[in-house]
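Enquirer: Pasting the sequence and the predicted model now:
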Amino acid sequence: MAHLTAAPMEGLTGAVYRKLHHRFFGGADAYYIPFVTPTVEPKFTDRQLRELAPEVNSGIPVVPQLLSNRSADFIWAAKALGEMGYSEVNLNLGCPAGTVVAKGKGSGFLKDLYGLEKFLYEVFSADIPVPISIKTRLGWSDTAEFEDILKLYRKYPLSELIVHMRLKTDQYKGDARTQVLLNALDEIPFPLGVNGDLVTEADLKQADERFRHPHQLMVGRALMADPALFRKFKGGKPASAEEIRQFSKALYDGYTEAFGSRKNAMMRMKEYWFFQSCLFEENPSAFKRIFKSREEADFSAALDEIMSGGLLRDARFGWKKPL
């Protein structure tokens, strides 16, 4: 059976979320830490160490992810992560955010295969003590690009290739381009990770079969919507309304401690509930009050009303509602 992994989502799958998801629901074989961008100065900042320090992730299976288009910066950071005890480093070649691709990083690096080849040559020629995996998209704007991208990756000993089955220009919209990856399976010599439109248990089971039992199935937004998804896939029970209530309270308290502000924590909880709302019965008025609330009492009252309506059986039922 494929490993089940939590995709890195900036602002959502940080240390607070990872600890609490692991405690409440489990089921993840690994959590990928949202990307860290190394700089010319060869040391991690205090802010970065709040996510990367080994003690922060004690007892949780995690993989750090780096975002860079400068080989020297990637090399020192990967070596430092190895010295910190990590057993893998992931290179982000998939992020489609405008502020990232404008700097030629993330999926923006896929527009410059000459530069990417130089980068990978220098990285894999360095004495980095940990395996390096890549998370990629199929290309920038045309699926035909994936052939040349794969040809480049095959030159190097990747420990794993995780493919988000969309183009940069797709962002996160539309259906994942599943057939493109299926057509390329025989050309991929590395352990494979599959990412994109894996929303339900049935999706995970189908992907495990269709992609010839890949090494991992990576889930992002759907795990935000249904935090018990991995547990259910492994034979466990769905989340109950009370379990979601307790998990949400713990997140709120955890963010409050991390941010030193109850109001800032509420802003982060609104981001979380943007996805979590998929799991609950339609209640336009209450959901509107969640996202417009300025006071904690209003936010909490809206959540109580939503959760009193009961859980949906399947996050897919409401998947298009908030997205």
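Expert: Received it, and whenever you're ready, just let me know what you need. Here the structure is a predicted model, which means the values were calculated and not measured.
Enquirer: Helices along the stretch 51-200 of the chain, start to end?
Expert: Using DSSP state H, counting those that start in this stretch, the helices of the stretch 51-200 of the chain run over residues 71-83, 98-101, 113-125, 145-153, 178-183.
Enquirer: closest to Phe274 out of those helices?
Expert: Closest approach to Phe274 among these is made by helix 98-101 (19.5 Å; C-beta to C-beta). Any C-beta I mention is one placed from the backbone N, CA and C, and that applies to glycine too.
Enquirer: picking up where we left off before, got a markdown table for the helices of the stretch 51-200 of the chain, with distance to Ser107 too?
Expert: Formatted as a markdown table, those follow (distance: least, C-beta to C-beta, whole Å):
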| stretch | distance to Ser107 |
| --- | --- |
| helix 71-83 | 16 |
| helix 98-101 | 6 |
| helix 113-125 | 11 |
| helix 145-153 | 10 |
| helix 178-183 | 15 |
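Enquirer: Of those, flag the one that's most buried.
Expert: helix 71-83 (a mean of 19; mean count of other C-beta atoms under 10 Å).
Enquirer: closest to Thr13 out of the helices of the stretch 51-200 of the chain?
Expert: helix 98-101 (16.7 Å).
Enquirer: on contacts alone, who are the packing partners of that closest one?
Expert: Counting contacts by 3 or more C-beta pairs under 8 Å, 6 or more residues apart in numbering; DSSP states H and E, helix 98-101 packs against no other helix or strand.
Enquirer: Return the distance of that helix from the chain's centre.
Expert: Averaging C-alpha positions (C-alpha atoms, centre = their mean, to the nearest Å) puts helix 98-101 17 Å from its chain's average.
Enquirer: separation between the residue nearest to Phe44 when sequence neighbours are not counted and Ala72?
Expert: Closest residue to Phe44 apart from its sequence neighbours, by C-beta to C-beta, 6 or more residues apart in numbering: Leu52 at 6.0 Å. Distance, Leu52 to Ala72, by C-beta to C-beta, to the nearest Å: 19 Å.
Enquirer: hang on, Arg154 packs against Asp186?
Expert: No: counting by C-beta atoms under 8 Å, Arg154 does not reach Asp186; the two are 11.9 Å apart.
Enquirer: which of these two has more neighbours?
Expert: With neighbours defined as other C-beta atoms under 10 Å, Arg154 and Asp186 compare such that Arg154 has more, 14 against 7.
Enquirer: Contacts only, for that one.
Expert: Counting by C-beta atoms under 8 Å, 6 or more residues apart in numbering, Arg154 touches 187, 189.
Enquirer: Could you check how far it is from Leu251?
Expert: Counting by C-beta to C-beta, the gap from Arg154 to Leu251 is 41 Å.
Enquirer: repeat for Leu138
Expert: Counting by C-beta to C-beta, the gap from Leu138 to Leu251 is 33 Å.
Enquirer: and if you look at Pro54?
Expert: Taking C-beta to C-beta as the measure, Pro54 falls 23 Å from Leu251.
Enquirer: Which residue of the two possesses the greater neighbour count?
Expert: Ranked by neighbour count (other C-beta under 10 Å), Pro54 and Leu251 place Leu251 first, with 23 against 12.
Enquirer: can you tell me the helix or strand for the more buried one?
Expert: Counting by DSSP states H and E, the element that carries Leu251 is helix 241-259.
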